[in-house]
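S.K.: here you go, sequence then predicted model.
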Amino acid sequence: MSRKAWLFWLLVIVVVAALDYIRAWQYLPPEWSPFAPVALDHRMTPVTRWKLNSLRDEQAECIDVLATAPDNWLDHLPLEDYTPVESCPLTNVVRVTRTSAELSSTFTATCPLVAAWVMFEQQQLQPLAREHLGSPVVRLDHYGTFACRNIYHRENARRSEHASAAALDLAGFRLADGRRISVLEDWDNDADPARRKFLKAVHSAACDYFGTVLGPDYNKPHENHFHLDTSRFGICR
């Protein structure tokens, strides 16, 4: 076989292999396909996490994702970039007035954090509340998202994720039957194991949705809340 013919058949093989590779992606579920746009009803996979992280720099795309949420999942308002406190500009943020649950107060957060929360709330939080406590969550008690500070307020430390409104501190939950579940009071509640098991399950499940998840077992400053953020550190404690 001549060199020219050999190169021709090599090219044919490469093209056929590439076409087969491209066709293979078409049969992947959207949550596993890097080419499918992320959607709020996608299961959380490493690919979904990667796509959510990519929304950090894609404000219009992220807002479009939130716009697909059913009315009972999210009530929000996209905001223009602004600087509420000098040295802490906020970009790609939205104002959230409620999710599928009432909020103890409205908050401003980055769009990717809100998208991750909505997915987590629908796919994990509400099912876990029904499974362990027999009642859905109707209110979220939180300590907010934005604080222009370094971590632990240390002068020479790096900026907290709260400085860019990319973190949510969650203190507890109110259920439809009137019960209040508190991270501080129920994390180690042996008198009512269902509350303890619910909080442990929520904390564990959150680690698949957020970059960093910190709770009472991490340190004393987190004994009364779950810290959830979209950083890429991958800490789950």
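M.R.: Sure thing, it's come through. Numbers count the residues shown, from 1 in each chain.
S.K.: how many other residues sit next to the nearest residue to T68 once chain neighbours are set aside?
M.R.: In space, and not counting its chain neighbours, T68 is closest to L40: 6.0 Å by CB to CB, 6 or more residues apart in numbering. Bear in mind the C-beta positions are built from the backbone N, C-alpha and C, glycine included. By the criterion of other CB atoms under 10 Å, L40 has 18 neighbours.
S.K.: number of residues surrounding R196?
M.R.: The local packing of R196 (other CB under 10 Å) involves 17 other residues.
S.K.: secondary structure element for it?
M.R.: Using DSSP states H and E, R196 falls within helix 193-206.
S.K.: ok, then the element right after that helix?
M.R.: Following helix 193-206 toward the C-terminus (DSSP H and E): strand 212-214.
S.K.: mind giving me the packing neighbours of that next one?
M.R.: Where contact means 3 or more CB pairs under 8 Å, 6 or more residues apart in numbering; DSSP states H and E, strand 212-214 is packed against strand 226-229.
S.K.: give the pairing partners of the strand it packs on; include direction for each.
M.R.: Strand pairing for strand 226-229, using DSSP bridges, gives strand 167-175 (antiparallel), strand 212-214 (antiparallel).
S.K.: residue contacts, D208?
M.R.: M44, R49 (CB atoms under 8 Å, 6 or more residues apart in numbering).
S.K.: swap that for T45, sorry
M.R.: Residues near T45 by CB under 8 Å, 6+ apart: E31, W32.
S.K.: show me how far the helix holding R196 is from its chain's centre.
M.R.: Distance, stretch centre to chain centre, for helix 193-206: 17 Å (CA atoms, centre = their mean, to the nearest Å).
S.K.: again with stretch 56-70
M.R.: Between the centre of stretch 56-70 and the centre of its chain there are 13 Å (CA atoms, centre = their mean).
S.K.: separation between L66 and R49?
M.R.: 17 Å (CB to CB, to the nearest Å).
S.K.: check which helix or strand covers the residue nearest the centre of the chain.
M.R.: Computing the C-alpha centroid of the chain and ranking residues by CA atoms, centre = their mean puts A116 first, at 2.6 Å. According to DSSP H and E, A116 maps onto helix 111-120.
S.K.: tilt between that helix and strand 167-175?
M.R.: For helix 111-120 against strand 167-175, the angle by axes from the mean of the first three to the mean of the last three CA atoms, to 10 degrees is 30 degrees.
S.K.: show me what whichever helix or strand comes after helix 111-120 is packed up against.
M.R.: Later in the chain than helix 111-120, the nearest helix or strand by DSSP H and E is helix 126-133. Here helix 126-133 touches strand 167-175, helix 193-206, going by 3+ CB pairs under 8 Å, 6+ apart.
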